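**Q** here is a sequence with its predicted model. Questions after.
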Amino acid sequence: MDHAENVFGHVPVMAERMTELLAPAITRYDEHGRGAVYVDGTLGAGGHTELVARTFPEVSIIGIDRDENALALAQERLASFGKRITFVHLRYDDIVEALRRADVAAYDAGLFDLGVSSMQLDQADRGFAYSVDAPLDMRMNADDPLTAADVLNTYSHGELARVLSEYGDERFAGKIASAVLREREVEPFTTSARLVELLYRSIPAATRRTGGHPAKRTFQALRIEVNGELTSLRAALPAALDSLAVGGRLAIMSYQSLEDRIVKREFTARTTSTTPPGLPVDLPGTAPEFTLLTRGAERAPDTEIELNPRSASVRVRAVERIARRNQ
């Protein structure tokens, strides 16, 4: 771990591999001799972008993040790169608006790292971690209206059970939802410790012994719901792919199966010909515009997982744009 990682509390996952994967697109020049445009759609503490900026001195960078705290930290970390980096406070599904603000029509290389950064997890008052008692907030953007406490205190039994089951893969979603509704009649939920206690009581002891921390799945589900993470991803992928220049590359780092399935489905659709089966060549307008750069989903090597355990669940998929229709 280098000095910057110690200072900024964040070790970027598979940073060197991401840089290697995107390098052919990052090192391009346009017809006017200008260097490539790199978009970090989930800037976080800036670890991936710092490596890109240091490795490729000609690249221009657009850093996007919905978390103002993360954006401020990244601006401090990346200050030495000056005007090469444009910082934009938006969600990554607003990539088209981010490009407009940077006065760019298309970009050459992009990265979406969908994980919650260690910086966010380690800030106790944000409420992301179940290991410390904190307000049940979990908002990545403090201006968003919905908090985890709101979900617990206002959702119906069916709505809450759906969130826990769908987003957390929680087997005991119905039982937990029933317990939450009973408890909130006594007193509304405000802090994480009370929720963790409820989860310990609601999940059978045998499952607690073998299934990891009993709060992990519920906290993940609440975070996804509060931040609309899957909705953002579904909107971001087509916007990002449509804005990618021919020869450009986009890599997505997912940390849960729901995210990875969405990415896989979109990438498969974009890299598959729509010509009816059996024809010898693609019909006009049916050839794919993208090609896959990864076989399946790439995983972090064991050596990295030992040094950075948060890399254990990452799945990486990447595509390159090979054509643009109607041109």
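**A** Sure thing, it's come through.
**Q** quick check: most distant residue from the centroid of the chain.
**A** Going by CA atoms, centre = their mean, the residue of the chain most distant from its centre is Pro280, 39.3 Å out.
**Q** phi, psi for it please.
**A** phi -70, psi -30 (degrees, to the nearest 10).
**Q** so how far is Gly44 from it?
**A** Pro280 is 47 Å from Gly44, where distance means CB to CB, to the nearest Å. In short, each C-beta sits where N, CA and C put it, glycine included.
**Q** what about Asp242, distance to Gly248?
**A** Taking CB to CB, one finds Asp242 at 11 Å from Gly248.
**Q** more neighbours: those two, which one.
**A** Under the criterion of other CB atoms under 10 Å, the comparison of Asp242 against Gly248 puts Gly248 first, with 27 against 14.
**Q** doesn't the more buried one lie inside a strand?
**A** Yes. Gly248: assigned to a strand according to DSSP: H, G, I helix; E, B strand; the rest coil.
**Q** just checking, it touches Val39?
**A** No. Counting by CB atoms under 8 Å, Gly248 stays clear of Val39, with 9.6 Å between them.
**Q** any residues in contact with both of those two?
**A** 107, 109-110 (CB atoms under 8 Å, 6 or more residues apart in numbering).
**Q** let's have those residues in CSV, adding neighbour count, distance to Asn227 and pLDDT.
**A** Below are the shared contacts of Gly248 and Val39 laid out as CSV (neighbours: other CB atoms under 10 Å; distance: CB to CB, whole Å; pLDDT from 0 to 100):
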residue, neighbour count, distance to Asn227, pLDDT
Tyr107, 25, 24, 97
Ala109, 32, 25, 98
Gly110, 26, 20, 98
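**Q** and which of those is nearest Arg317?
**A** Nearest to Arg317 among these is Gly110, at 12.7 Å by CB to CB.
**Q** can you give me phi and psi for Leu136?
**A** phi -80, psi 80.
**Q** so what's the spatially most central residue of the chain up against?
**A** Centroid-nearest residue in the chain: Leu114, 1.3 Å away (criterion: CA atoms, centre = their mean). If you count contacts by CB under 8 Å, 6+ apart, Leu114 has them with 42, 229, 233, 252-255, 259.
**Q** who's in contact with Ile62?
**A** By CB under 8 Å, 6+ apart, the contact set of Ile62 is 37-40, 85-86, 88, 98-99, 102, 104, 107.
**Q** go with 6 Å
**A** Counting by CB atoms under 6 Å, 6 or more residues apart in numbering, Ile62 touches 39, 86, 98, 102.
**Q** assign it to helix, strand or coil.
**A** Assignment for Ile62 (three-state DSSP): strand.
**Q** so what's Gly63 up against?
**A** Gly63 neighbours (CB under 6 Å, 6+ apart): 40, 43, 49, 85, 87.
**Q** need the contact list for the third one.
**A** Yep, that's Thr49 we're talking about. 40, 61, 63.
**Q** list just the nearest of these to Arg315.
**A** Closest to Arg315, out of all of those and judged by CB to CB, is Asp40, at 18.6 Å.
**Q** what's the closest of the contacts of Ile62 to Thr147?
**A** Checking the contacts of Ile62 one by one against Thr147 (CB to CB), the nearest turns out to be Ala98, at 25.7 Å.
**Q** surely that closest one and Ile61 touch.
**A** No. Ala98 lies out of contact with Ile61 (CB atoms under 6 Å); the separation is 11.5 Å.
**Q** all the strands of the stretch 201-327 of the chain, residue numbers only.
**A** Along the stretch 201-327 of the chain, the segments classed as strands by DSSP state E, counting those that start in this stretch run 244-254, 290-292, 315-321.
**Q** give the buried residues for the shortest one.
**A** Think strand 290-292. For strand 290-292, the neighbour count (16 or more other CB atoms under 10 Å) marks 290, 292 as buried.
**Q** please enumerate residues in contact with that strand?
**A** Contacts to strand 290-292, defined as CB under 6 Å, 6+ apart, come from residues 270-271, 319-322.
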